[in-house]
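Chemist: Need a 3D model of the sequence below.
(one chain, ligands or ions: 1)
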Amino acid sequence: MSAFEPRVFSGVQPTGNLHLGNYLGAIKRFAALQDTHNCIYCVVDMHAITVWQDPAALQAAIREVASAYIAAGIDPKGSIIFNQSQVAGHAELAWVFNCIARMGWLNRMTQFKEKAGKNRENASAGLFVYPSLMAADILLYKGTHVPVGEDQKQHLELTRDIAAKFNNDYAERIAELGLGGEDGYFPMTEPLISGAATRVMSLRDGTKKMSKSDPSDLARINLTDDADTIAKKIRKAKTDTEPLPGDADGLKERPDAANLVGIYAALADVSVADVLKDHAGAQFSAFKPALADLAVAKLAPIADEMRRLKADPGFIEGILADGAGRADAIARPVMQGVKDIVGFLTTRK
Ligand code: TYM
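Modeler: Next up is the predicted model:
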């Protein structure tokens with residue numbers, strides 16, 4: 001038995017174009033976890049500026065992610081919703097973790113390689129150390145469970161490596177100060193990557209991830225799309241000419257078909273096998289309208305609620321301020337413990 005209280009933490013970057021992948025891979029599951037766990041959901045604005053963000057657009061995007069959280073069913077009274085930069089501990093702990101993480105570990109991160117592209121020399125230093133900040137986000141609250149999409153798996157492995165090295169490097173000191181038992185000061189965080197939509201693919205190319213930065217808007221369904229736009233994008237989605245198979249094996253080597261079936265399953269909260277049982281032998285001319293109806297039924301209410309919340313920025317900002325206060329109250333003693341462990345001198349007031 002772990003000595004750590006279960007606590008869920010996750011985050012989404014406010015970089016515009018929130019899409020179906022963000023919803024099915026993350027935000028929808030954030031809402032579901034509230035019934036069984038204490039949850040903290042962060043809008044990671046400090047991660048966003050690792051690449052250039054227009055300041056006014058960033059503020060709007062922070063409010064947008066917070067409203068998507070609420071529209072998707074996260075209760076801001078039960079769970080904590082806040083933006084990262086309002087709790088100073090994220091930056092403080094990230095610095096300590098920059099001194100724990102090894103260059104070799106960070107050099108292996110595939111997301112850095114993808115985002116930096118060919119011009120690595122011109123990438124910000126922040127983009128390189130991005131995973132230490134992500135580890136700090138989670139461990140500042142001793143987060144034990146982190147719901148994310150498949151693309152974040154490597155960052156969560158690094159989070160465990162950082163926690164293990166910290167626990168190990170300072171084991172004696174942690175014991176001496178009575179700040180942790182055998183399990184150390186920080187928990188070994190578990191990723192929660194499950195369901196039919198851990199990797200939603202582009203509607204234009206089933207071998208590419210659905211992403212905020214795809215130049216084609218037809219590649220993704222945005223959470224703010226209206227019903228007509230959702231239906232049009234599904235109608236235009238790339239497919240092959242075969243009918244749907246009777247079981248999941250029949251979707252191998254059919255990435256576009258597999259993607260649409262996975263999206264259907266995740267939206268309907270059923271398994272891929274169940275979708276195929278109901279639609280075996282169907283042509284896409286019949287399956288696509290069924291998927292469009294389902295997507296509109298599930299997503300249009302979220303878009304409506306996001307529009308409603310957008311009209312009241314003061315309300316969202318109040319929620320973020322309240323959340324930041326509650327997050328800070330959890331973070332402070334954890335950060336104080338880190339300072340004592342590493343040997344910083346603190347003048348207590
Ligand atoms: P971000 O903002 O890129 O994405 C937010 C969440 O959406 C998931 N996701 C997807 N899931 C399925 N299919 C897709 N096509 C898809 N695209 C995105 C992501 O996996 C993620 O769960 N580094 C993180 C943000 C972060 C964080 C954290 C997450 C910062 N600190 C601490 C968890 C814990 C990111 O860039 O997510």
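
Chemist: Any residue of stretch 118-132 touching the ligand?
Modeler: No - using C-beta under 6 Å from any ligand atom, stretch 118-132 stays clear of the ligand, with a minimum separation of 7.1 Å. Using the backbone N, CA and C atoms, a C-beta is placed for each residue, glycine as well.

Chemist: For the protein, which residues are neighbours of the ligand?
Modeler: Neighbours of the ligand within the chain, by C-beta under 6 Å from any ligand atom: 9-13, 21-22, 25-26, 44, 47, 134, 137-138, 146, 148-149, 151-152, 155, 197-200, 209-210.

Chemist: For residue 188, see how far away the residue in the stretch 201-349 of the chain positioned nearest to the ligand is.
Modeler: Proximity of the stretch 201-349 of the chain to the ligand (C-beta to the nearest ligand atom) peaks at residue 210, 3.9 Å away. Computed as C-beta to C-beta, to the nearest Å, the residue 210 to residue 188 distance reads 30 Å.

Chemist: Spatially nearest residue to residue 31, not counting backbone neighbours?
Modeler: residue 73 (3.8 Å; C-beta to C-beta, 6 or more residues apart in numbering).

Chemist: Would you mind giving the secondary structure of that neighbour?
Modeler: In three-state terms, and counting by DSSP: H, G, I helix; E, B strand; the rest coil, residue 73 is coil.

Chemist: What does the pLDDT read for the residue of the stretch 201-349 of the chain closest to the ligand?
Modeler: pLDDT recorded at residue 210 is 97.

Chemist: and the gap between it and residue 203?
Modeler: 7 Å.

Chemist: what residues are shared contacts of those two?
Modeler: Residues within reach of residue 210 and of residue 203 at once, by C-beta atoms under 8 Å, 6 or more residues apart in numbering, are 219, 220.

Chemist: ok, back up a step: residue 54 versus the residue of the stretch 201-349 of the chain closest to the ligand, what's the distance?
Modeler: If you go by C-beta to C-beta, the gap between residue 210 and residue 54 works out to 23 Å.

Chemist: More neighbours: the two, which one.
Modeler: Using other C-beta atoms under 10 Å as the criterion, residue 210 and residue 54 rank with residue 210 on top: 26 against 10.
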